[in-house]
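A.B. asks: Can you look at this prediction? I've put the sequence above it.
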Amino acid sequence: AICTSEEDFQTNEIAYYSCNGNNKQACENAGYEYNEDELECEDVGITNPTECNQITDFNSVPRKTCGEFGVEMYATLKSVDFDICTEPSFIENIGQVQSTCCGGVENHKNIFADCTKPYEAICTSEEDFQTNEIAYYSCNGNN
């Protein structure tokens with residue numbers, strides 16, 4: 001569902017992580033929200049564990065493999081209540097997940113092809129939507 005071919009899909013790679021720890025103040029000082037029930041600094045290091053590991057007393061923990069993510073995504077996409085075209089949290093992270101799970105940008109499948117109005121997910125009007133602007137950057141490296 002997210003890669004150009006089944007052969008490109010990396011089933012056992014880690015799709016995303018959670019940032020676990022018990023230092024609420026450090027999480028909040030880093031600009032994130034702390035979930036006391038889950039002992040988690042939310043929305044940090046989801047696809048980049050290094051971000052989490054930089055917060056005092058927090059460690060990045062694998063949350064889902066690409067295979068698990070794929071099963072969950074398939075079920076979500078089949079849900080009557082889910083609209084991929086208007087779900088900001090999904091749109092925000094799918095590119096990095098695709099790169100991890102599909103083996104690189106060249107293997108991304110355009111899963112938003114049926115979205116006729118992508119601006120509706122994040123903007124108040126079509127006129128405000130900057131189609132050709134870069135939405136976010138990824139900092140990649142091997143050292």
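C.D. replies: Good, I have the coordinates.
A.B. asks: Got phi/psi on the closest residue to S99 other than its chain neighbours?
C.D. replies: Distances taken as C-beta to C-beta, 6 or more residues apart in numbering place V105 nearest to S99, at 5.8 Å, with adjacent residues excluded. Using the backbone N, CA and C atoms, a C-beta is placed for each residue, glycine as well. V105 adopts backbone torsions of phi -60, psi -40, taken as degrees, to the nearest 10.
A.B. asks: Off-centre distance for the helix-or-strand element of the chain with minimal mean pLDDT?
C.D. replies: Confidence across the helices and strands of the chain bottoms out at helix 88-102, with a mean of 78, counting by mean pLDDT, DSSP states H and E. Taking the mean of its C-alpha atoms, helix 88-102 sits 4 Å from the chain's own mean (C-alpha atoms, centre = their mean, to the nearest Å).
A.B. asks: again, but for stretch 47-62
C.D. replies: That offset, for stretch 47-62, works out to 15 Å (C-alpha atoms, centre = their mean).
A.B. asks: for it, what is the average pLDDT?
C.D. replies: For stretch 47-62, mean pLDDT rounds to 91.
A.B. asks: What residues of it count as buried?
C.D. replies: Of the residues in stretch 47-62, T47, N48, P49, E51, C52, I55, F58, S60 count as buried by neighbour count, 16 or more other C-beta atoms under 10 Å.
A.B. asks: I appreciate the help and will end here.
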